[in-house]
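>>> after the sequence you'll find the predicted model.
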Amino acid sequence: MTDHQDMALDWMSDGADAPPPPVDLRPEIPHPARMYDYYLGGKDNFPADREAAEKVLGLSPLVRISALANRAFLQRAVRHLAEQGVRQFLDIGTGIPTAGNTHEVAQRVHPDARVAYLDNDPIVLVHSRALLAGTGHGGVTVLQADLRDPKAILSDPQVRSVLDLDRPVALLLFAILHFIDDADDPYGIVRTLVDALPSGSYLAMSHGTADFSTPDQAAKGPAVYRNATAQLTMRSREQVLRFFDGLELQEPGLVTAPLWRPDQPAQPTDGEVAIWAGVGRKP
């Protein structure tokens with residue numbers, strides 16, 4: 001029995017209403033969430049994931065630095081939002097759980113903080129539900145949903161059972177929008193979600209970029225993901241900035257992930273990390 005199957009069975013035995021459906025892990029196909037886990041130094045990945053990830057790392061060692069910087073940005077942004085009084089978080093595209101998850105950071109500030117984790121990937125759902133099983137994290141749920149269908153997310157009764165969408169919500173889109181192709185209208189998706197939230201809500205997001213890549217890197221990086229279960233669409237700073245249209249961009253603006261309110265000494269590579277990061281407030 002694999003560790004992944006053990007995790008699913010642990011969740012089933014913890015009194016959940018229904019067992020999770022069988023999951024085809026498809027270990028022979030690189031998976032972006034497991035590749036990201038590998039970048040972070042995790043163990044929830046397979047040889048195909050590691051092989052694909054190493055190809056990307058071979059193009060630029062900053063990929064791993066960028067992944068770590070993105071995770072650290074998530075934690076700083078969630079802490080900042082909680083300190084601003086936000087007690088509700090809609091975290092879409094959560095990825096495989098690792099230390100310092102959204103609910104852990106938010107509930108250190110507000111023990112009553114409520115978090116709805118959404119992901120369309122059954123592999124991620126197995127990991128997330130196993131993490132939460134029996135931990136007593138009140139007001140936290142993990143749901144299957146697709147960012148490409150924002151209206152379904154907003155009307156989902158399970159989402160609404162956890163979050164009061166008439167009160168400020170932090171919409172978290174960390175390292176997910178670069179898996180949304182232009183044909184799926186990523187700007188329309190974000191606009192639909194933000195429009196449904198009340199004044200005082202926030203959008204916190206990060207997005208991969210090729211702004212600091214050579215032409216060869218910019219072409220070969222996404223090419224690796226064409227053989228994975230999700231494609232990659234890098235966007236420029238100007239393109240990422242468009243996601244914040246109509247919002248009050250919080251200081252220091254849209255910057256590379258390590259430069260967003262850093263709590264560590266500056267590193268020489270901080271300005272070249274291939275992740276744009278920002279937080280905007282809905283007036």
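Thanks, I have it.
>>> any idea which helix or strand comes after the helix or strand of the chain with the lowest mean pLDDT?
Between all helices and strands in the chain, the lowest mean by mean pLDDT, DSSP states H and E belongs to helix 3-12, at a mean of 34. For helix 3-12, the succeeding helix or strand toward the C-terminus, using DSSP states H and E, is helix 32-39.
>>> show me what that next one is packed against.
If you count contacts as 3 or more CB pairs under 8 Å, 6 or more residues apart in numbering; DSSP states H and E, helix 32-39 packs onto helix 47-59, helix 62-83, helix 122-132. C-beta here means a position set from N, CA and C on the backbone, and glycine is covered the same way.
>>> tell me the mean pLDDT for that helix?
Helix 32-39 comes out with an average pLDDT of 80.
>>> could I get the helices and strands packed on helix 32-39 as JSON lines with mean neighbour count and distance to residue 264?
Output for the helices and strands packed on helix 32-39, formatted as JSON lines (neighbours: other CB atoms under 10 Å; distance: least, CB to CB, whole Å):
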{"stretch": "helix 47-59", "mean neighbour count": "17", "distance to residue 264": "22"}
{"stretch": "helix 62-83", "mean neighbour count": "21", "distance to residue 264": "8"}
{"stretch": "helix 122-132", "mean neighbour count": "22", "distance to residue 264": "26"}
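>>> of those helices, which shows the lowest average pLDDT?
Mean pLDDT per stretch puts helix 122-132 lowest among these, at a mean of 76.
>>> ok so, going back, and the helices and strands packed on helix 32-39 as CSV, adding distance to residue 238?
Formatted as CSV, the helices and strands packed on helix 32-39 follow (distance: least, CB to CB, whole Å):
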stretch, distance to residue 238
helix 47-59, 23
helix 62-83, 19
helix 122-132, 30
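>>> for residue 96, which of those helices is the nearest?
Closest to residue 96 of the helices and strands packed on helix 32-39, according to CB to CB: helix 122-132, at 4.9 Å.
>>> for the very next helix or strand once past that closest one, buried residues please.
Following helix 122-132 in sequence order, the next helix or strand is strand 140-144 (DSSP H and E). Going by neighbour count (16 or more other CB atoms under 10 Å), the buried part of strand 140-144 is 140, 141, 142, 143.
>>> please apply the same query to stretch 171-185.
171, 172, 173, 174, 175, 176, 177, 178, 179, 180.
>>> for stretch 37-49, same thing?
Buried, per 16+ other CB under 10 Å, within stretch 37-49: 37, 38, 39, 40, 44, 45, 46, 48, 49.
>>> over to stretch 98-114?
Quick answer for stretch 98-114 (16+ other CB under 10 Å): 101, 102, 103, 104, 105, 106, 107, 109, 113, 114.
>>> assign the fifth one to helix, strand or coil.
When you say that, I think you mean residue 105. helix (DSSP: H, G, I helix; E, B strand; the rest coil).
>>> residues contacting it?
Going by CB atoms under 8 Å, 6 or more residues apart in numbering, residue 105 touches 74, 75, 78, 79, 82.
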